[in-house]
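In: Sequence and predicted structure, then a few things I'm wondering about:
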Amino acid sequence: MFRLIVFDLDGTLIDSRRDIADAANALLQSCGAEPLPEERIGRMVGDGAATLVARAFTASGLEKPADALDRYLEFYATRLLTHTRPYPGVAAVLQTLSASATLAVQTNKPQAATREILDGLDLARYFSADAVLGGDGPFARKPDPSGLRHLAASAGVPLADTLLVGDSIVDWRTARAAPAGICLARYGFGFDGFPISQLGPSDRVIDTPMQLLGVCRSGT
């Protein structure tokens, strides 16, 4: 039984790909570039907004303006919840797990946007205020393990009893570095291109949020 379950946000709890892509494309088009496919932008997500913006400009063959990050955040702030929704079953899974484990969120998304999305989708009630870490907080972004270690220490839970649930190589590397358990959401848009050959025998993979209940009950 895992006593602390830490969730990534984008591609794990919520499907935010379209809103992120629309904001990135609005930025690119304001600079004279053609929009990129939503799926391609989705593969750029995971290392924080600054890296996403840099990757989008590289893919477009344009030089990134000095204010590109600020402009992207302005575009994104107007559409955080336009199309973004929890994946089917997420609320029920969180409700069930919260009865037997401490729940937390660790994302490389900015903190303010993270909280607004959790509030807007009625997911914030499953996480205490100090158990939500954004990428612009006091800890280095994933895959640095310091944030995950802090969450475990704050909850009084050993890392051996901690599970990180995410959808990308960034989450996998974070759990390995902590070290903590990892469960990868194959349904998330960050899983595209994941090096399956690197999975270890104790790494878990799920195809739906509901499958997480079996993982957390059995510990396998």
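Out: That came through fine. Residues are numbered from 1 along each chain as shown.
In: Which pLDDT value goes with the nearest residue to G181 once chain neighbours are set aside?
Out: Distances taken as Cβ to Cβ, 6 or more residues apart in numbering put L163 closest to G181, at 4.2 Å, once the chain neighbours are dropped. Quick note: C-beta positions are derived from backbone N, CA and C, even for glycine. pLDDT, L163: 98.
In: In contact with L163, which residues?
Out: By Cβ atoms under 8 Å, 6 or more residues apart in numbering, L163 lies in contact with 2, 4-6, 180-183, 215-216.
In: and it, how far is that from L184?
Out: Per Cβ to Cβ, to the nearest Å, L163 is found 11 Å from L184.
In: And for A68?
Out: On the measure of Cβ to Cβ, A68 and L184 end up 31 Å apart.
In: same deal with V165?
Out: 8 Å.
In: And Q211, by the same measure?
Out: Counting by Cβ to Cβ, the gap from Q211 to L184 is 11 Å.
In: for this protein, which spans come out with low pLDDT?
Out: Applying pLDDT under 70 to the chain flags residues 219-220.
In: Quickly list the domain ranges of it.
Out: Using automatic domain parsing, the domain parsing of the chain gives 4-15+85-218, 17-77.
In: what's the span of the longest one from first residue to last?
Out: Right, domain 4-15+85-218. 14 Å (Cα to Cα, to the nearest Å).
In: next one: the shortest one
Out: Taking Cα to Cα, the first and last residues of domain 17-77 lie 14 Å apart.
In: Settle this for me: F57 is touching A68, isn't it.
Out: Yes. At 6.7 Å, F57 and A68 qualify as touching, with contact defined as Cβ atoms under 8 Å.
In: Need the residues touching each of these two.
Out: Contact criterion Cβ under 8 Å, 6+ apart; residues shared by F57 and A68: C31.
In: Next, find the distance separating the nearest residue to A185 once chain neighbours are set aside from E34.
Out: If the residues on either side of it in the chain are set aside, A185 comes closest to D167, at 4.2 Å by Cβ to Cβ, 6+ apart. Distance of D167 to E34, given as Cβ to Cβ: 27 Å.
In: quick one, which of the two is more surrounded?
Out: Comparing D167 with E34 by other Cβ atoms under 10 Å, the one with more neighbours is D167, at 27 against 9.
In: Now for that one: which residues touch it?
Out: 8, 10-12, 184-191.
In: Please tell me how far it sits from P37.
Out: 19 Å.
In: what's the nearest residue to the most far-flung residue of the chain relative to its centre if we skip its chain neighbours?
Out: Residue distances from the centre of the chain (Cα atoms, centre = their mean) peak at G32, which lies 29.6 Å from the mean C-alpha position. Excluding its sequence neighbours, the residue lying closest to G32 (Cβ to Cβ, 6+ apart) is L62, at 7.6 Å.
In: still on that earlier bit, sec struct for the residue farthest from the centre of the chain, please.
Out: Here G32 is recorded as coil under DSSP: H, G, I helix; E, B strand; the rest coil.
In: if I look at it, how far off is E38?
Out: Counting by Cβ to Cβ - G32 and E38 are separated by 20 Å.
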